[in-house]
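[1] model the structure of this input:
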Amino acid sequence: MKSTFAPLLLLAASSAFGAAHHKESIPVGDVQISDLVANPGFYNNAVVRVRGAAVLRFEAEFICESAEDIDRENGNCLQLSAVTKNGRLGPLDPVLYHNKIVVLIGVFDKDYGARTSLPGAIAPIRVMPIGKHTRGDIPPPPPEPSANNSFKPRSLRGRGVVRSIVTTPRPQSAPA
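    Now for the predicted structure:
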């Protein structure tokens with residue numbers, strides 16, 4: 001009896017641990033990004049589904065609750081972390097993300113976003129673009145100055161007029 005009790009106890013303990021561990025990875029359904037920002041500890045390491053405006057810029061990959069939040073300093077935004085493909089980390093695909101409204105399923109990490117001053121990050125598992133927005137592009141730089149422009153710098157010493165000293169002739173004395 002003792003020889004079968006130990007394996008059964010081990011099996012029961014491992015299945016209980018597996019169920020508890022599996023419970024953390026069950027999708028919690030649709031979550032607003034503002035809820036993730038407000039309660040990051042509650043959703044930490046949970047699989048969440050969010051809808052938002054995604055942007056990929058140079059060293060700035062994030063998803064915001066709305067396109068208006070992209071330009072706000074304290075908007076409801078989360079960092080998008082790198083995705084895994086075939087067991088390797090890879091970059092995010094701009095075709096799927098940049099300037100797109102997306103529905104994204106991913107794992108929320110409350111600590112990863114601290115590197116970028118965002119309140120958390122999402123590691124995407126699946127993404128589906130459902131629309132577009134125009135807030136993600138940085139405005140183009142102003143044009144370079146042209147050699148043919150009408151701007152001519154002025155002299156620092158005035159308007160360039162040469163002033164001459166005018167002298168009056170001395171009166172000559174009469175011969176005596």
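[2] mind listing the strands for the chain?
    Here the chain has its strands, by DSSP state E, at 47-57, 60-64, 77-80, 83-85, 88-90, 100-109, 121-132.
[3] quick one, which of these is nearest to Gln172?
    With Cβ to Cβ as the criterion, Gln172 lies closest to strand 47-57 of those, at 84.7 Å. To be clear about C-beta, it is placed using only N, CA and C from the backbone, and glycine gets the same treatment.
[4] tell me which of the strands of the chain sits nearest to Val37.
    strand 77-80 (7.4 Å).
[5] need the contact list for Ser66.
    Contacts for Ser66 were tallied using Cβ atoms under 8 Å, 6 or more residues apart in numbering; they are 52-53, 76.
[6] 10 Å instead, please
    33-34, 51-53, 72, 75-77, 101, 133, 135 (Cβ atoms under 10 Å, 6 or more residues apart in numbering).
[7] same deal with Gly131?
    Per Cβ under 10 Å, 6+ apart, neighbours of Gly131: 51, 53, 67, 99-102.
[8] got it, and Phe62?
    52-56, 69-70, 75, 77-80, 97, 113, 116, 118, 121-122, 136.
[9] show the buried residues in these.
    52-56, 69-70, 75, 77-80, 97, 113, 118, 121-122, 136 (16 or more other Cβ atoms under 10 Å).
[10] can you redo the strands of the chain as a markdown table with distance to Pro40 and mean pLDDT?
    Formatted as a markdown table, those follow (distance: least, Cβ to Cβ, whole Å; pLDDT from 0 to 100):
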| stretch | distance to Pro40 | mean pLDDT |
| --- | --- | --- |
| strand 47-57 | 11 | 87 |
| strand 60-64 | 15 | 84 |
| strand 77-80 | 10 | 87 |
| strand 83-85 | 21 | 63 |
| strand 88-90 | 23 | 60 |
| strand 100-109 | 8 | 88 |
| strand 121-132 | 10 | 85 |
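[11] need the winner for burial among those.
    strand 77-80 (a mean of 25; mean count of other Cβ atoms under 10 Å).
[12] mind listing what it pairs with, with the direction of each?
    strand 60-64 (antiparallel), strand 121-132 (parallel) (DSSP bridges).
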